[in-house]
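1. Kindly return the folded structure for what I paste below:
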Amino acid sequence: MVIDRYIAKSVVTGCLLASFVILSIFVFVDFVAQLKEVGKGDYGSFQAVIYVLLGLPQRLYELSPSILLLGGILSMGALAAGSELIVMRASGISTMRITRSVLQVGLLISILVAALGEYVVPSTSRMAKTFRAEAMDDKLIVGGNNDVWLRDGNRYVNVKKILPDHALRDVRVYELNDNRQLNSIVYAEKAQYRNDEWILENIKRSVISETGVQTSLEKQLILKRLIILELFSVLELKSQDMSAIELLTYSRYLRDNNLDNNQYLLEFWIKIFTPLTCLAMLLVAMPIVFGTTPRSGGAGQRVLLAILIGVVYFVINRSINHLGLALNVAPVLSASLPLLLVVIISTYFMRRVH
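-> Next up is the predicted model:
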């Protein structure tokens, strides 16, 4: 239908404009925050810019509900201020029909947001961390999006994944002799730092000599040195950098090892509900839009109101999330309660729109 395409074009344009404005602010803030790191190793201003740009997908994902709220208010508010919504309603198109058109395009944007958080953000976040770490420390070499290589004398360590709580996955240790020839290869399915030592599990060791290669299997290997712990603060995969599948997998790993997994379950449910929150924010925008008339004020007032609502939602959302963790509330409830509140409040005000 023509009206659906027209509204979709307006909402998409508004969201693109909101994205540009909000992300421009955060790019500047993030770049200023990186200036204190400039000068370490080969990490200069250009590298800081690249690091900030690689972090843009994460910022876009985190700010997507606020972007849709601001984009919805800007686009539909402009239609209302230009009397276009009044003409639509006068021609027999109901407020619910207009709202449905807005939510239809919002659903498509929400699907893109979900794909961004699941597939793009984890990859670019890893790239950003490893890029910065490699520039700061010449002992660190990055081979691809996930592989991390570390050099320590004649030892080279390859780690496929660095997880929180000093945990590693798919570790390979290459030992060279004094002639820089490969002496041995040790593969470990996982490694954990405990009691000032590294415990490697499910080991496959290959020793190379003039007579050939001897391979042996071991359940466990203990090393005093593997990688320096300071790298965890730079490279570890934080919960907000993980995909939903990774969060669920890691939370189950913590549960199976009798460790607290509520933080990761909470982040998992936040990932699930973020696209729905984007839709809810568009729903919040609609009562504001339908209350807009050519005499009700300019776009500046609507932008200010959108920012105020976004800030209030952010504070309430984070407060409920952290309070839920402190009180040991089920993570699915902590993650969904702010969304439910937004839906209830926006639905209430929508019913008052005539």
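
2. Lys219 - how many residues pack around it?
-> 8 (other C-beta atoms under 10 Å). Every C-beta, even on glycine, is put in place using the N, C-alpha and C of the backbone.

3. which residues are in contact with whichever strand or helix holds it?
-> Assigned by DSSP states H and E, Lys219 belongs to strand 212-223. Applying C-beta atoms under 8 Å, 6 or more residues apart in numbering, the contact partners of strand 212-223 are 173, 186, 188, 197-207.

4. For this structure, give me the ranges with low pLDDT.
-> 137-147, 228-237, 292-300, 353-354 (pLDDT under 70).

5. what ranges do the helices span in it?
-> Taking DSSP state H as the criterion, the chain contains helices spanning 2-34, 45-54, 56-81, 84-90, 95-115, 121-136, 230-235, 244-256, 262-290, 299-326, 331-351.

6. Compare the ones you listed and report which one is nearest to Asp152.
-> Asp152 sits nearest to helix 230-235 of all the helices of the chain, at 11.4 Å, using C-beta to C-beta.

7. Closest one of the contacts of strand 212-223 to Gly44?
-> Nearest member of the contacts of strand 212-223 to Gly44, counting by C-beta to C-beta, is Val173, at 32.1 Å.

8. what bridges to that closest one?
-> Val157, Val186 (DSSP bridges).

9. Go ahead and confirm it touches Ser206.
-> No. The pair Val173 / Ser206 is not scored as a contact, 10.8 Å apart, by C-beta atoms under 8 Å.

10. quick one: common contacting residues for these two?
-> 185-186.

11. And the two? Which one has more around it.
-> Using other C-beta under 10 Å as the criterion, Val173 and Ser206 rank with Val173 on top: 24 against 13.

12. Pull the number of nearby residues for Gln34.
-> 18.

13. Could you dump the helices of the chain into JSON lines and include distance to Leu163?
-> Formatted as JSON lines, these follow (distance: least, C-beta to C-beta, whole Å):
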{"stretch": "helix 2-34", "distance to Leu163": "25"}
{"stretch": "helix 45-54", "distance to Leu163": "20"}
{"stretch": "helix 56-81", "distance to Leu163": "18"}
{"stretch": "helix 84-90", "distance to Leu163": "50"}
{"stretch": "helix 95-115", "distance to Leu163": "23"}
{"stretch": "helix 121-136", "distance to Leu163": "12"}
{"stretch": "helix 230-235", "distance to Leu163": "9"}
{"stretch": "helix 244-256", "distance to Leu163": "6"}
{"stretch": "helix 262-290", "distance to Leu163": "10"}
{"stretch": "helix 299-326", "distance to Leu163": "19"}
{"stretch": "helix 331-351", "distance to Leu163": "19"}
